[in-house]
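Enquirer: Let's see this in three dimensions:
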Amino acid sequence: MVDYWNRIIWPMIEGAQMTVLLFFIVILLSIPLGFLLTLAVKSRFKPLSWLAQLYITVMRGTPLLLQLLLICFGLPMIPVVGEYLVFDRFVAACIGFVLNYAAYFAEIFRGGLLSIDKGQYEAAKVLGLTKWQTTTRVILPQMFRVALPAVANESITLVKDTALLYAVAVPELLHFAQTAVNREFTIVPYFIAGVIYLAMTLILTVFFKWLERRYKYE
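Expert: Numbering: from 1, shown residues only. Reported below is the predicted structural model:
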């Protein structure tokens, strides 16, 4: 049993650490970037709004795997500047995930803002609140409450999408599972990987359910 743990399970747990690291990096960077994109789309400066909308359309309309391959292997092939666009595989993957998920979060936040009644803005103005106070104390809390279920769903999808690291040669959970399958000639590592992914998604599900209950009664 100890030998089985050392040969199969422990390397997969180490690979899961890479999965978790990528998850937190992407969440911490893509959510703020997504919100900035939402503000850009709603900007009265039309060129900025059009560019932001074009970016969101392209990132949501093309496969994440294609974007990862482009950043990892395509950018270094660009003439003249390609040599300055060579990134560590994990760094390149982080860039790809952040840029992709920011576009999805931008649409989620835009939907949250659209759901807020215009009367909220008028009421805040009557109360003498500044634009900053209106945004931070009235609009954003309501937007977050509305957007939370979609953010939760997208976060759970992110956990599963981290398996795409395997395609750009970053050693993560699926990489070690595949290695164990090839070495041991058994599909058991696939089931172990599935259990680990399931455990991570269940933890996220419980966390977001707690958040939803908390904000429901605030």
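
Enquirer: hmm, which helix or strand of the protein has the shakiest average pLDDT?
Expert: helix 2-4 (a mean of 62; mean pLDDT, DSSP states H and E).

Enquirer: Report the distance from the longest helix seen in the chain to the chain centre.
Expert: Identified as the longest helix of the chain according to DSSP state H is helix 10-41. Centre-to-centre, helix 10-41 and its host chain are 5 Å apart (C-alpha atoms, centre = their mean, to the nearest Å).

Enquirer: Just the buried positions in that helix, please.
Expert: Residues of helix 10-41 classed as buried: 11-12, 15-16, 18-19, 22-23, 25-27, 29-31, 33-35, 37-41 (neighbour count, 16 or more other C-beta atoms under 10 Å). Heads up, the C-betas are built off the backbone N, CA and C, glycines and all.

Enquirer: what do you get for stretch 54-71?
Expert: 55-56, 59, 64, 67-69, 71.

Enquirer: Same check on stretch 189-202?
Expert: Within stretch 189-202, the residues scored as buried using 16+ other C-beta under 10 Å are 189, 192-193, 196-197, 200-201.

Enquirer: now stretch 152-167
Expert: 152, 154-156, 158-159, 161-166.

Enquirer: which residue ranges form the helices in this protein?
Expert: Ranges of helices in the chain, per DSSP H, are 2-4, 10-41, 46-61, 64-69, 89-114, 118-126, 131-133, 140-161, 173-184, 188-216.

Enquirer: So for residue 77, which of those helices sits nearest?
Expert: helix 64-69 (11.3 Å; C-beta to C-beta).

Enquirer: Spatially nearest residue to the residue nearest the centre of the chain (excluding sequence neighbours)?
Expert: In the chain, the C-alpha nearest the mean C-alpha coordinate belongs to residue 101, at 4.4 Å (C-alpha atoms, centre = their mean). Residue nearest to residue 101 in three dimensions, not counting chain neighbours: residue 30, with 4.0 Å by C-beta to C-beta, 6 or more residues apart in numbering.

Enquirer: Tell me the spacing between the most far-flung residue of the chain relative to its centre and residue 164.
Expert: Relative to the centre of the chain, and counting by C-alpha atoms, centre = their mean, the farthest-placed residue is residue 126 at 38.0 Å. Using C-beta to C-beta, to the nearest Å, residue 126 is found at 50 Å from residue 164.

Enquirer: same question, residue 98
Expert: In terms of C-beta to C-beta, residue 98 sits 14 Å off from residue 164.
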